[in-house]
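Colleague: Please find the sequence and the predicted model below.
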Amino acid sequence: MRQSFAWWSFTAGRDIEPGTFLRDAVAAGAQGVEMLPDEYWPLARDLGLEIVTVTGHKLEEGFNDPARHPALQDEIRRQIDAAQKGGALSVIVFAGNRFGDGADEPAIDACVDGLQPVIAHAREAGVQLLMELLNSKVDHPGQQCDRTVFGARVARRSAGLKLLYDGYHMQLMEGDLSRTIKANLDIIGHIHTAGAPGRRDLDDRQEINWRAIAGLLKHTGYAHWVGHEFIPRGEPIAALRAAIALFEEV
């Protein structure tokens, strides 16, 4: 496992100097950074950080709607090309909010059809496409890919697409994280952490046993990225150091 952190969640509402923050994150053990504004990419690379994920498009407007496919495919191709040029590893895509009668079956078919051309483009560029699982209960009302089974059905029909399994989102929606991760490890290409509820630190003030999840991943030989996407209660670098240590100590 390699460990990264989400720029937005560790810096939101904080007065930070980007270079200093990135340097301190490296000292805390981070090997990558996610969703980093592209003007900071050269700085991160100079410090030895991988640019791990890029957000591909607005998460409300996704591939579940065939009418949006042409515009979304153009946008994702641009993001893939930018990722390749800048050395970013993965681009995140979304199913989008439910519309019409909200049925899952046609939405899964639409996602599979709409993603095929951009999966091929990503493969040629050496960039991984990730479909993220999100909660519709608290943070993203209406989001269709709000259960593991939805994303898994899309991924298993889309060779080259992987799931971004977000433990915080899935704890809110379905729980049963360890068994679900183990059952879908072959299609999980990235994992996000955060405490639930509240999206705070990975400590004993929240309900997910992240130490057990870390042990499961180590035991099963998971070899992709674990990205910490929580909002620290206190000093962010100390919180990042603690989260990284939790995964390293199992």
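Modeller: Sure, I can see it.
Colleague: Would you mind naming the residues that bridge with the spatially most central residue of the chain?
Modeller: Central residue of the chain (Cα atoms, centre = their mean): Leu164, 4.7 Å from the mean position. With DSSP bridges applied, the residues forming beta bridges to Leu164 are Glu132, His190.
Colleague: Run through the residues that contact it.
Modeller: Neighbouring residues of Leu164 by Cβ atoms under 8 Å, 6 or more residues apart in numbering: 53, 92, 130-133, 189-192. For the C-beta atoms, the positions are set from N, CA and C on the backbone; glycine is no exception.
Colleague: what's the answer for Gln79, then?
Modeller: If you count contacts by Cβ under 8 Å, 6+ apart, then Gln79 has 54, 56-57, 91 around it.
Colleague: quick revisit: distance-wise, check the residue nearest to the centre of the chain relative to Asn135.
Modeller: In this structure, Leu164 lies at 13 Å from Asn135, with Cβ to Cβ, to the nearest Å as the measure.
Colleague: swap in Trp8?
Modeller: 17 Å.
Colleague: buried set for stretch 122-135?
Modeller: 122, 127-135 (16 or more other Cβ atoms under 10 Å).
Colleague: what does stretch 100-118 give?
Modeller: Of the residues in stretch 100-118, those buried under the neighbour-count criterion (16+ other Cβ under 10 Å) are 104, 107-108, 110-112, 114-116, 118.
Colleague: Give the rounded mean pLDDT of it.
Modeller: Mean pLDDT, taken over the full extent of stretch 100-118, equals 97.
Colleague: Can you pull out the residues in contact with it?
Modeller: Taking Cβ under 8 Å, 6+ apart as the criterion, the residues outside stretch 100-118 that touch it are 62-66, 68-69, 72-73, 76-77, 80, 93, 95, 98, 129, 131, 144-145, 150, 153-154, 157-158, 161.
Colleague: isn't Gly62 right next to Gly96, touching?
Modeller: Yes. Because the distance of 2.3 Å satisfies Cβ atoms under 8 Å, Gly62 is recorded as touching Gly96.
Colleague: Between those two, which contacts overlap?
Modeller: Shared contacts of Gly62 and Gly96 (Cβ under 8 Å, 6+ apart): 68, 144.
Colleague: what's in contact with the strand or helix carrying Thr20?
Modeller: Thr20 belongs to helix 18-27 when assigned by DSSP states H and E. Helix 18-27 is contacted from outside by 5, 10-11, 33, 40, 43-44, 47-49, 236-237, 240, using Cβ under 8 Å, 6+ apart.
Colleague: Check stretch 236-245 too.
Modeller: Counting by Cβ under 8 Å, 6+ apart, 3, 5, 10-11, 14, 21, 24-25, 27-30, 193, 201-203, 210, 228, 230, 232-233 sit against stretch 236-245.
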